[in-house]
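**Q** sequence first, then the predicted structure:
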Amino acid sequence: MLADTQKSPTLSLITKDVLLLTKARLTLSVVFSSMAGYLLAVPSPNMWHLLLLSVGGYGLAGASNVFNQIIEKEIDAKMIRTQNRPIPAGRMSVPVAFGIAVMLLVLGLTVLYFLNPKTAMFGAISVFLYTCAYTPLKTITPLSVFVGAIPGAIPFMLGWVSATGSFGLEPGILFMIQFFWQFPHFWAIGWMMHDDYQKAGINMLPTGKPDNATALQIILYTLWTIVISIVPVFGISGALQLSVVWATAVAAVGLVFLWAGLRLYKNHSIANAKKLMFVSIVYITAIQWIYVIDKFI
């Protein structure tokens, strides 16, 4: 009798696949956004609240990513970037992935409801829009980026809502910052992955191709993101404040962001699109840190 050459999955491999399934790095960035929003809303942080917000945020963001990969399992199998994900690679079945998604969803909603019902409501809206609107629209229209920007912008304002139990001017501005930021960010990714996306019938770019018109829209949305990001310095954003010194820092980081967009407009290379994508991540992370530092230091 031939020896069984198949190896049972180890705990480390299972853990790695769960992290891939929930897109751990992306999900942690979502958690960080919500934590920043919370810190901006309170005079002093409550560690128990931050822990619950982090667990609930990871649960909902992770569930959204798992549902996304279940729906897009055939699409993922066609693209080099996603072929090694657990479902298309055959390392995890759809029922198992679905069970993980449901558990994360229930965990996330329960924990966020414990903070306050409005936080859970916005979290549920985020999961619904990401899973039931953005994901299916990706193969239909580039407007999917607009739809996807809504759930993508919720985490930053969700932290504020979790602290106050209400939605108003301040969380609205936090929402708008992250909403407009996502256009240049995701168009940079769409530019980088254009050929791979085409294999799967996905087109993320507003004109359908990496051209001057797309690059111009990237520049315009970058400018709008920078403008909204410095609005709190004018004292018209309620309790959300930004000093002149730190507003200058926001503007400086914004100029680097704009420079990356201009470079792509001048030279339509994949390398420039990759630089823009990287700079966009630096930008959103930097301004969240700047807002928090300005408040507490």
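**A** Sure, I can see it.
**Q** what ranges in the protein fall below the confidence cut-off?
**A** 1-8 (pLDDT under 70).
**Q** which stretches of it form helices?
**A** 11-21, 24-41, 47-71, 73-78, 94-115, 117-129, 135-137, 144-164, 169-192, 194-199, 212-229, 244-266, 270-296 (DSSP state H).
**Q** closest one to Gly235 among the ones you listed?
**A** helix 244-266 (10.8 Å; Cβ to Cβ). Where you see a C-beta, it was placed from the backbone N, CA and C, and this is true even at glycine.
**Q** quick one: residues contacting Thr135.
**A** Residues in contact with Thr135 (Cβ atoms under 8 Å, 6 or more residues apart in numbering) are Phe67, Asn68, Ile71, Glu72.
**Q** could you identify the buried members of those residues?
**A** Phe67, Asn68, Glu72 (16 or more other Cβ atoms under 10 Å).
**Q** hang on, the earlier thing: out of the helices of the chain, which gets nearest to Pro206?
**A** Short answer: helix 212-229, nearest of these by Cβ to Cβ, at 5.3 Å.
**Q** just checking, what packs against that closest one?
**A** helix 169-192, helix 244-266, helix 270-296 (3 or more Cβ pairs under 8 Å, 6 or more residues apart in numbering; DSSP states H and E).
**Q** one more time with 7 Å
**A** Applying 3 or more Cβ pairs under 7 Å, 6 or more residues apart in numbering; DSSP states H and E, we find helix 212-229 packed against helix 169-192, helix 244-266.
**Q** tell me the domain ranges of this protein?
**A** For the chain, the structural domains run 13-166, 168-297, going by automatic domain parsing.
**Q** that older thread, tabulate the helices of the chain (JSON lines), appending distance to Asn84.
**A** Conversion of the helices of the chain to JSON lines gives the following (distance: least, Cβ to Cβ, whole Å):
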{"stretch": "helix 11-21", "distance to Asn84": "8"}
{"stretch": "helix 24-41", "distance to Asn84": "15"}
{"stretch": "helix 47-71", "distance to Asn84": "12"}
{"stretch": "helix 73-78", "distance to Asn84": "9"}
{"stretch": "helix 94-115", "distance to Asn84": "15"}
{"stretch": "helix 117-129", "distance to Asn84": "25"}
{"stretch": "helix 135-137", "distance to Asn84": "20"}
{"stretch": "helix 144-164", "distance to Asn84": "23"}
{"stretch": "helix 169-192", "distance to Asn84": "18"}
{"stretch": "helix 194-199", "distance to Asn84": "13"}
{"stretch": "helix 212-229", "distance to Asn84": "29"}
{"stretch": "helix 244-266", "distance to Asn84": "28"}
{"stretch": "helix 270-296", "distance to Asn84": "20"}
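**Q** now the helices and strands packed on helix 212-229 in CSV, with mean neighbour count?
**A** Shown next, in CSV, are the helices and strands packed on helix 212-229 (neighbours: other Cβ atoms under 10 Å):
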stretch, mean neighbour count
helix 169-192, 23
helix 244-266, 17
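**Q** find the nearest non-adjacent residue to Val279, please.
**A** Closest residue to Val279 apart from its sequence neighbours, by Cβ to Cβ, 6 or more residues apart in numbering: Ala260 at 4.2 Å.
**Q** for stretch 184-192, C-alpha coordinates in CSV please.
**A** Presented in CSV, the C-alpha positions along stretch 184-192 are these (Å, rounded to 0.1, in the frame of the first residue of the first chain):
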residue,chain,number,x,y,z
PRO,A,184,-6.8,58.2,-6.0
HIS,A,185,-5.8,55.3,-3.8
PHE,A,186,-8.0,52.7,-5.6
TRP,A,187,-7.4,54.2,-9.0
ALA,A,188,-3.7,53.8,-8.4
ILE,A,189,-4.3,50.1,-7.6
GLY,A,190,-6.5,49.8,-10.6
TRP,A,191,-3.8,51.3,-12.8
MET,A,192,-1.2,48.9,-11.4
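**Q** pull the distance from it to the chain's centre.
**A** Mean-position distance between stretch 184-192 and its chain equals 13 Å (Cα atoms, centre = their mean, to the nearest Å).
**Q** and stretch 101-121, by the same measure?
**A** Its chain's C-alpha centre and that of stretch 101-121 lie 18 Å apart, by Cα atoms, centre = their mean.
**Q** and stretch 288-297, by the same measure?
**A** Averaging C-alpha positions (Cα atoms, centre = their mean) puts stretch 288-297 21 Å from its chain's average.
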